[in-house]
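Visitor: quick one: sequence plus predicted model below, questions after.
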Amino acid sequence: MNSLIQLRGQLTPRSNPSRGGGSSLAANTEVKIEQLESIIKNLEELKEYWKNRTTLINGTLINVEYNRIVPKSKRIKTILFKNSNENISDLIKGAKYEGDENNPYHIITYFIPLENLQFNINKIQICINIMKEKFNGKFNNEDEKKIGMIDFSKYVISKTTFMEVLTDCSIVTKLTYPKYDKELNENQAITLYNVNKKSKEILEELGITGRELNILDDNTIILYKDALSILVRHAPYLIAMAVEDISDYELPKEYEEEDIFELEQVTKNVSEFPEPIDEPYIGVLDTAFDKRVYFEKWVDYEDRYMDDLADITEKDKEHGTAVDSIIVDGPSINPKLDDGCGRFRVKHFCIARNGNNSTFAIMRRIEDIIKNNLNIKVWNLSLGSNMEIDKNFVSQEGALLDKLENEYDIIFVVAGTNQTEKLQDRIGSPADSINSLVVNAVKRNGEKVSYARRGKVLSFFNKPDICYYGGDEGEKIRTCIGTGQRMNQGTSFAAPWISRKMAYLIYKLRLSREIAKALIIDSATGWDVVDDKKAEYYGFGKVPIRIEDIINSERDEIKFYIESESTDYDTYTYGIPVPLDKEKCPYIAKATLCYFPKCTRNQGVDYTNTELDLYFGRVMQNKKGNITIKTINNNKQSDEDGRVFEGDARKYNRKWDNVKHIVEEYKTTARAKKVYENSSWGLSVKSKDRLGKGDGKGIKFGVVITLKEINGVNRYDEFIRQCSFKGWLVNKIDVENRLELYNIAEQEIKFE
């Protein structure tokens, strides 16, 4: 096999050459007076609704229903606003999708002053008068070409404002106020819209004070029955999202007698089991730990995060202990799953018990634990809610994991959750965490398990990320608990195998979490485009058992990685040399990009703040003579001549997803490709900031790239030689050398 290659060189930053432009109608669009009159009617109704309700929040909340999924650049610019220079992104307080799978559309919530409503009624009425006077009551693309001939000096509005109003009205279906009509029960975690006034102040003005206020974050509180009824009665429009605070973390049921064995059957020589030396730690957030197991010295257990330790039963210890047994000694007790990663120590924290747990309490425990254990880079979280995730917002638990991963150099490996008797369809929290590596389970034959639940998250993000062996009837995973061996099944027991692999890559091979995550995901993919429907259960695919199959590549493949950070609109190189054959490129290629963006839960479906757009392929000149990249997946989002609708960009190019995987499908009839004037290949990562706050500045990313020689020729050494000649620093990831360096670095030095 060929070793993984690290390419280090100076990637070049470049600012965005596009300066944007004024508002214009989409092609083949006609705006009629009736559309503008409908918007005025909506504004009149909103003015009436809000006239006696603005005192509480000092403004109005307006839902804008668009006729499609709209990019940031195409959202309304004027019909709710007074000043076109203000940052409209700051006024967006939520976003969701409606419609069916084939025709989804945006509903975006804005927060504006009441006075804006009458101001815009007057403005739109002026536009109606102009349309009647100059355009016979309708306006289309041909009229747009002639608009420069009209003297706007006699009107109160400018030509620019006129075009903005018509463009806004062409993409808006209606304007309404937020309504929350879902059933609300006791112990609800309520997220209020961010209206630039603290939620605590708003609730106190409503008479909700003292013990009734249990604040989770700036906008989320736990409300009980009486307090909840006050909020629903007086200000239902403030409720952005609501879920039950009590999550049922139902762990494996009682086991059949044949699934339970004596301790001696787990390992033949318990007394000879080695003591830990300098093995790295994996953090485990789970139920309690049973110290009666043979690997007890490998687990540092902290139970101080549970307030009622006296109530913890033996049943509460089984799940966490079983997870630990896989992390510490999984390959010994499951020889067919020997991954070659060795053993790991565990730092185990008890954060829950079997059954009902408070979401609020679990979140506080997780955040406190992470902040006090930043030396641990890989965390296993095999707990999950039985409740299905919402299609329009990420759970509090999932959002917390994303926040911690964005702020700290850590990664959570999260179980994809299991079906119970309630037969849930969609995965449960926190498996909706976007930055985490979410793991579903499969059988040995690669088919989904009987208890599988599916993604996507927010109707868009690919979750789970990957799948691995989690056991099922007739092929359960062998684990160890305090009373002996237990045969288990569940995503809970697939996740720790992936935690082991992540820990190996990060601790022992000294790879960044971005590259480690990209390697894991890339290893699960083949040379076919990922099937969108299958991905709901399998993610990008099944990860290989052996760690060397994740790191290395076949003899006819060249696998390398590049990592950097995004400091400007474009971070690129046009200088990746690829060995040729008779002046042709005899390769197909694939690439996987990973990064950990900041996320904003209050933005609903528009959750990730930063988009990194991936381009990889041969370098060429376009029709205008500019250097560009002919991407392997025909991505044209940022092409000068490209025109990609937002819905298509999200569906086909994974726009706003923090994992990008692109691939050329392998076909037996594949032929070598044309070589352009510049025989090199290029990599470009383009950054887009959704909220205009610079959240993408300095964000780290990692890209794993594989070139497959279609004739089966090994061009590995030639690739290294050419890269070195072009000025790249080439580093072969030799596993044995890396492990030797790791062992030396971990040795304890004693001074006399």
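Guide: On my side now, so go ahead.

Visitor: gap between the most centrally placed residue in the chain and D218?
Guide: What sits nearest the mean C-alpha location of the chain, by Cα atoms, centre = their mean, is I434, with 2.5 Å. Taking Cβ to Cβ, to the nearest Å as the measure, I434 falls 20 Å from D218. All C-beta atoms are positioned from the backbone trio N, CA, C, and that covers glycine.

Visitor: just the strands from the stretch 551-700 of the chain, written as ranges.
Guide: Using DSSP state E, counting those that start in this stretch, the strands of the stretch 551-700 of the chain run over 557-566, 570-576, 584-585, 587-595, 610-621, 627-631, 659-663, 673-674, 681-689, 699-709.

Visitor: in CSV, list these along with distance to S23.
Guide: Listed next are the strands of the stretch 551-700 of the chain as CSV, based on distance: least, Cβ to Cβ, whole Å:
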stretch, distance to S23
strand 557-566, 29
strand 570-576, 26
strand 584-585, 43
strand 587-595, 32
strand 610-621, 22
strand 627-631, 28
strand 659-663, 30
strand 673-674, 40
strand 681-689, 20
strand 699-709, 30
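
Visitor: out of those, nearest to V457?
Guide: Counting by Cβ to Cβ, V457 lies closest to strand 659-663 out of the strands of the stretch 551-700 of the chain; the figure is 11.8 Å.

Visitor: run me through the strand neighbours of that closest one, direction for each.
Guide: strand 587-595 (antiparallel) (DSSP bridges).

Visitor: so how far is the partner strand from its chain's centroid?
Guide: 18 Å (Cα atoms, centre = their mean, to the nearest Å).

Visitor: one more: stretch 378-386?
Guide: 16 Å.

Visitor: next one: stretch 228-243
Guide: Distance, centroid of stretch 228-243 to centroid of chain: 28 Å (Cα atoms, centre = their mean).

Visitor: how far does it stretch from start to finish?
Guide: 12 Å (Cα to Cα, to the nearest Å).

Visitor: likewise for stretch 672-682?
Guide: OK, stretch 672-682 end separation, Cα to Cα: 18 Å.

Visitor: can you pull the buried residues of it?
Guide: 672-673, 675, 680-682 (16 or more other Cβ atoms under 10 Å).

Visitor: now the residues you listed in a markdown table, with distance to I466 and pLDDT?
Guide: Formatted as a markdown table, the buried residues of stretch 672-682 follow (distance: Cβ to Cβ, whole Å; pLDDT from 0 to 100):
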| residue | distance to I466 | pLDDT |
| --- | --- | --- |
| A672 | 32 | 89 |
| K673 | 30 | 88 |
| V675 | 35 | 89 |
| S680 | 32 | 92 |
| W681 | 27 | 95 |
| G682 | 28 | 95 |
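
Visitor: just the helices from the stretch 201-350 of the chain, written as ranges.
Guide: Counting by DSSP state H, counting those that start in this stretch, the stretch 201-350 of the chain has helices at residues 225-234, 315-333.

Visitor: pLDDT on the shortest one, on average?
Guide: Helix 225-234 carries an average pLDDT of 86.

Visitor: again, but for stretch 417-429
Guide: For stretch 417-429, the per-residue pLDDT averages 88.

Visitor: so what's the gap between that stretch and the chain middle?
Guide: Worked out by Cα atoms, centre = their mean, stretch 417-429 lies 20 Å from the chain centre.

Visitor: okay, how far is it across it, tip to tip?
Guide: Using Cα to Cα, first and last residues of stretch 417-429 are 8 Å apart.

Visitor: same question for that stretch: list its buried residues.
Guide: Applying 16+ other Cβ under 10 Å to stretch 417-429 flags 417-418, 424, 426-429 as buried.

Visitor: repeat for stretch 142-161
Guide: Within stretch 142-161, the residues that count as buried by 16+ other Cβ under 10 Å are 143-144, 150, 155, 157, 159, 161.

Visitor: can you check stretch 177-193 too?
Guide: 177-178, 180, 184, 187-193.

Visitor: check stretch 402-415 too.
Guide: 402-406, 410-415.

Visitor: what's the answer for stretch 570-589, then?
Guide: 570-580, 585-589.

Visitor: and of the residues you listed, the nearest to V378?
Guide: Of all those, T571 has the smallest distance to V378: 26.9 Å, by Cβ to Cβ.

Visitor: which pLDDT value goes with that closest one?
Guide: 95.

Visitor: tell me how many other residues crowd the residue nearest to K51 when sequence neighbours are not counted.
Guide: Of all residues not flanking K51 in the chain, L114 sits nearest, at 7.1 Å (Cβ to Cβ, 6 or more residues apart in numbering). By other Cβ atoms under 10 Å, 16 other residues sit near L114.

Visitor: how close does L114 sit to I62?
Guide: Counting by Cβ to Cβ, the gap from L114 to I62 is 10 Å.

Visitor: check N731 too.
Guide: Distance from N731 to I62, by Cβ to Cβ: 54 Å.

Visitor: neighbour-wise, which of these two wins?
Guide: I62 (24 against 14).

Visitor: how is the protein carved up into domains?
Guide: Per the record, the chain has its domains at 30-176, 188-244, 279-549, 553-739, by automatic domain parsing.

Visitor: deepest in the core, which of those domains is it.
Guide: domain 279-549 (a mean of 21; mean count of other Cβ atoms under 10 Å).

Visitor: quick one: end-to-end distance for it.
Guide: OK, domain 279-549 end separation, Cα to Cα: 22 Å.

Visitor: show me the contacts for A503.
Guide: 280, 282, 341, 344, 377-378 (Cβ atoms under 8 Å, 6 or more residues apart in numbering).

Visitor: do V346 as well
Guide: With Cβ under 8 Å, 6+ apart, V346 has these contacts: 281-284, 298-300, 324, 327-328.

Visitor: now those in JSON lines, with pLDDT and distance to Q489?
Guide: Formatted as JSON lines, the contacts of V346 follow (pLDDT from 0 to 100; distance: Cβ to Cβ, whole Å):
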{"residue": "Y281", "pLDDT": "98", "distance to Q489": "27"}
{"residue": "I282", "pLDDT": "98", "distance to Q489": "21"}
{"residue": "G283", "pLDDT": "98", "distance to Q489": "24"}
{"residue": "V284", "pLDDT": "97", "distance to Q489": "19"}
{"residue": "W298", "pLDDT": "97", "distance to Q489": "24"}
{"residue": "V299", "pLDDT": "97", "distance to Q489": "23"}
{"residue": "D300", "pLDDT": "96", "distance to Q489": "28"}
{"residue": "D324", "pLDDT": "98", "distance to Q489": "17"}
{"residue": "I327", "pLDDT": "98", "distance to Q489": "17"}
{"residue": "V328", "pLDDT": "97", "distance to Q489": "20"}
